[in-house]
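Trainee: sequence first, then the predicted structure:
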Amino acid sequence: MIITDVITRRIHYRSKTVRDSEGHGHPGPEHDAVQSMVTIRTDTGLEGHAFGGSPDVIQGLVKPLLLGKDPFYREQIWQMLKERQRLNLTTLSDKVLCAIDLALWDLAGKHANLPVHKLMGATRDKVPAYASTMCGDDIPGGLDTPDAYAEFARQCRRGYPAFKLHTWQPPYPGAPDPKRDIAACAAVRRRWARTCRSCSIRSTTTTGSRRSTWAAGWRSWITTGWKSPWTSTASRPTSG
């Protein structure tokens, strides 16, 4: 089996998600948006698909390198593209390599008639899921107050054992604010406990990786009486 074609498509759709200057997602006016998809096709007719990657880069730089290659030599292909990143740092991004690698794994899964997680070495067939949010904002009707987080959590409670908060982050004025983040977690816990008494809920928060600000407010966690509260990406190794 060899790769005979690499096809890219641009998918146009309508979105209600906008990005602030830091890249955080927020609700916003409906607008045109574009998603890309790559397809790797073989001489047997088998195809692998993945979202992401720049269509221009894939067609101009990656496709000529992949034609004629064995699609099951995923590691060799990844190493080959990784080496070429040194001369194409501004175009051949990790996102492009990721899209190609995912498409090759998708193709391999179809060939073996197995889900990819089993090809890689499975440990389970089910994983627990939690509800999550966009980042905090100052949009009326959005996630502009701790109570707004609580109401959103109430609407997401069906079947979820946990709820994760992405709280207010720069460029939002005053962010990050540990006290306000903790108030949002407390509000979610109170609301969820009233509506889902059979569940043991742990509120979690993403703090924007600013250790120095959070260190000053960490004691506030203790006063809540919660067991094992935690944050994701609470600090960076290089932060003060």
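Mentor: Perfect, I can see it now. Numbers count the residues shown, from 1 in each chain.
Trainee: okay but K164 is in contact with A129, surely?
Mentor: No. Using CB atoms under 8 Å, K164 is not in contact with A129, being 10.5 Å away. In short, each C-beta sits where N, CA and C put it, glycine included.
Trainee: of those two, who's got more company?
Mentor: K164 (17 against 10; other CB atoms under 10 Å).
Trainee: okay, and that one sits in which element?
Mentor: strand 163-166 (DSSP states H and E).
Trainee: what packs against that strand?
Mentor: helix 146-156, helix 178-195, strand 203-206 (3 or more CB pairs under 8 Å, 6 or more residues apart in numbering; DSSP states H and E).
Trainee: redo that, cut-off 10 Å
Mentor: helix 146-156, helix 178-195, strand 203-206, strand 231-232 (3 or more CB pairs under 10 Å, 6 or more residues apart in numbering; DSSP states H and E).
Trainee: where among those is average confidence lowest?
Mentor: Averaging pLDDT over each of those singles out strand 203-206 as the lowest, with a mean of 47.
Trainee: buried deepest among the helices and strands packed on strand 163-166, which one?
Mentor: Ranked by mean neighbour count, those are led by strand 203-206 with a mean of 22 (mean count of other CB atoms under 10 Å).
Trainee: stretch 122-141: which residues count as buried?
Mentor: A131, T133, C135, G136, D137 (16 or more other CB atoms under 10 Å).
Trainee: how far does that stretch stretch from start to finish?
Mentor: 42 Å (CA to CA, to the nearest Å).
Trainee: pLDDT (mean, whole number) over it?
Mentor: 86.
Trainee: and which of the buried residues of stretch 122-141 is nearest D106?
Mentor: Lowest distance from D106 to these (CB to CB) belongs to A131, with 27.5 Å.
Trainee: that closest one touches P161, doesn't it?
Mentor: Yes. Counting by CB atoms under 10 Å, P161 is a contact partner of A131 at 9.4 Å.
Trainee: just the strands from this structure, written as ranges.
Mentor: With DSSP state E, the ranges of strands along the chain come out as 3-19, 25-42, 47-51, 163-166, 203-206, 231-232.
Trainee: how about the ones you listed in CSV, adding distance to Y172?
Mentor: Shown next, in CSV, are the strands of the chain (distance: least, CB to CB, whole Å):
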stretch, distance to Y172
strand 3-19, 13
strand 25-42, 10
strand 47-51, 29
strand 163-166, 11
strand 203-206, 13
strand 231-232, 17
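Trainee: now for those, which one comes closest to G109?
Mentor: It's strand 47-51; of the strands of the chain, that one is closest to G109 (CB to CB) at 8.2 Å.
Trainee: what's the closest of the buried residues of stretch 122-141 to G68?
Mentor: C135 (45.2 Å).
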